[in-house]
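Trainee: Sequence first, predicted coordinates after that:
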Amino acid sequence: MGVVFNIQRFSVHDGRGIRTVVFLKGCPLHCRWCANPESQAAKPELAFSQEKCLGLQACGICRQLCPQSRSETGKPILAGLQHADLKLQEKLASDCPAQALHLYGRNMEIAEVLEQVQQDEAFYFRSGGGMTLSGGEPFYQPEFAVGLLREARKRHIHTAVETCGCTSWEILREAAPLLNQVMFDIKLLDEDSFQYWCGMAGQQGMAGHILANLEHLATDFPRLPILVRTPVIPKVNDDPDIIRAIHQAVCHYPQVKYELLPYHEYGRSKYEALGRDYPMGRVKLLTKKMECLRKEIVEL
């Protein structure tokens, strides 16, 4: 049993071919630019869309179910709703007529997840696709993630994972034989910068630990394709020297490829729905700079 917050079908950006992406809840990192803030907490989490809400006077179902949602503004108070127990949160989300309330995350069994994944099996065989585990950090729920991979391989489904590498080497070593592809994020190499931007204050050595996990993975499993990805974030790591250093650190192995991902603000509305401020504030998107950095990587 594990906590899943989304199952996305027909994806073509999360591994080879057409894929079904299973998003698992929980992540040890809290990167300030995170596009999936609903993935960070391990437990299910209630979100609220102000623009969809009919208001307490026109509807009032949430106020009837949860008195803590009372408000002078005519809209329910999200904090009061989020403090309700899980069963009540589930009922609030299911009973909301305007679908203004949404519960991110629900408990699922391995067989239940694989049943949904196999619905698109015909597309996997035609395109070389399969199942990708994402998050959050999939290995934050190690037994569930490894169980999903093991069962998928039994069913001859191509398997991939998107990981930040912030887990133990023992867990990665157990999962690696069950994987056909790994997408491994390396965001920063400098320890102080990593702590500040990735929400790991007081935990020295994590950037080095992640890099060591990648090196172990590439060395011990030389036939496993690995795509190392760096999200290029304005004023964080959009410096050519930083990108060159990451490229130099990861591209020693023939099965490792490297890719830069552009910064976007897709997570901003999700932070608002969760009642949280967007940690990045307002920054300019990178366009020309991304072109220059990508060109430099090709030349390297």
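Mentor: Yes, it's here. Quick caveat: nothing in here was measured; it's all calculated off a predicted structure.
Trainee: and the gap between residue 81 and residue 172?
Mentor: 37 Å (CB to CB, to the nearest Å). Placement of C-beta: from N, CA and C, glycine included.
Trainee: Identify the residue nearest the residue lying farthest from the centre of the chain in space, chain neighbours excluded?
Mentor: Distance to the chain centre peaks in the chain at residue 57, reaching 37.0 Å (criterion: CA atoms, centre = their mean). Nearest non-adjacent residue to residue 57, counting by CB to CB, 6 or more residues apart in numbering: residue 74, 6.3 Å away.
Trainee: Figure out how far the helix or strand of the chain with the lowest mean pLDDT is from the centre of its chain.
Mentor: Least confident helix or strand of the chain, by mean pLDDT, DSSP states H and E, is helix 288-299 with a mean of 78. In this view, helix 288-299 has its centroid 25 Å away from the chain centroid, taken as CA atoms, centre = their mean, to the nearest Å.
Trainee: So which bits of it are buried?
Mentor: 289, 290, 293, 297 (16 or more other CB atoms under 10 Å).
Trainee: do the same with stretch 182-192
Mentor: In stretch 182-192, counting by 16+ other CB under 10 Å, buried: 182, 183, 184, 185, 186, 187, 188, 189.
Trainee: and the fourth one, what is it in contact with?
Mentor: Going by CB atoms under 8 Å, 6 or more residues apart in numbering, residue 185 touches 162, 163, 164, 165, 228, 229, 230, 231.
Trainee: count of neighbours near the last one?
Mentor: The local packing of residue 231 (other CB atoms under 10 Å) involves 19 other residues.
Trainee: Now do whichever strand or helix holds it: which elements does it pack against?
Mentor: When elements are assigned from DSSP states H and E, residue 231 belongs to strand 226-232. Judged by 3 or more CB pairs under 8 Å, 6 or more residues apart in numbering; DSSP states H and E, strand 226-232 is in contact with strand 181-185, helix 206-220, helix 240-250, strand 256-262, helix 288-299.
Trainee: still on that earlier bit, quick one: contacts for the residue nearest to residue 57?
Mentor: Residue 74 touches 55, 56, 57, counting by CB under 8 Å, 6+ apart.
Trainee: Just want the phi and psi numbers for it.
Mentor: Main-chain torsions, residue 74, degrees, to the nearest 10: phi 90, psi 0.
Trainee: where does the stretch 201-300 of the chain have low pLDDT?
Mentor: For the stretch 201-300 of the chain, the stretches flagged by pLDDT under 70 are 298-300.
Trainee: List the contacts of the strand holding residue 231.
Mentor: 33, 181-187, 214, 217-218, 237-238, 243, 246, 250-251, 253, 255-263, 286, 289-290, 293.
Trainee: Just the buried ones from these, in PyMOL syntax?
Mentor: The buried residues among the contacts of strand 226-232 can be selected in PyMOL (16+ other CB under 10 Å) with this line:
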select buried, resi 33+181+182+183+184+185+186+187+214+217+218+237+238+243+246+250+256+258+260+263+286+289+290+293
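Trainee: Of the contacts of residue 74, which is the nearest to residue 129?
Mentor: Checking the contacts of residue 74 against residue 129 by CB to CB gives residue 55 as the nearest, at 43.9 Å.
Trainee: TSV for the contacts of residue 74, including secondary structure, distance to residue 196 and pLDDT?
Mentor: Output for these, formatted as TSV (DSSP: H, G, I helix; E, B strand; the rest coil; distance: CB to CB, whole Å; pLDDT from 0 to 100):
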residue	secondary structure	distance to residue 196	pLDDT
55	coil	41	88
56	coil	41	85
57	coil	45	86
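Trainee: can you list those residues in a markdown table and add distance to residue 125?
Mentor: Formatted as a markdown table, these follow (distance: CB to CB, whole Å):
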| residue | distance to residue 125 |
| --- | --- |
| 55 | 50 |
| 56 | 51 |
| 57 | 54 |
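Trainee: closest to residue 67 among these?
Mentor: Distances from residue 67 to the contacts of residue 74, taken by CB to CB, are shortest for residue 56, at 11.5 Å.
Trainee: OK, contacts around that closest one?
Mentor: Here residue 56 is in contact with 62, 63, 69, 70, 71, 74, 75, 76 (CB under 8 Å, 6+ apart).
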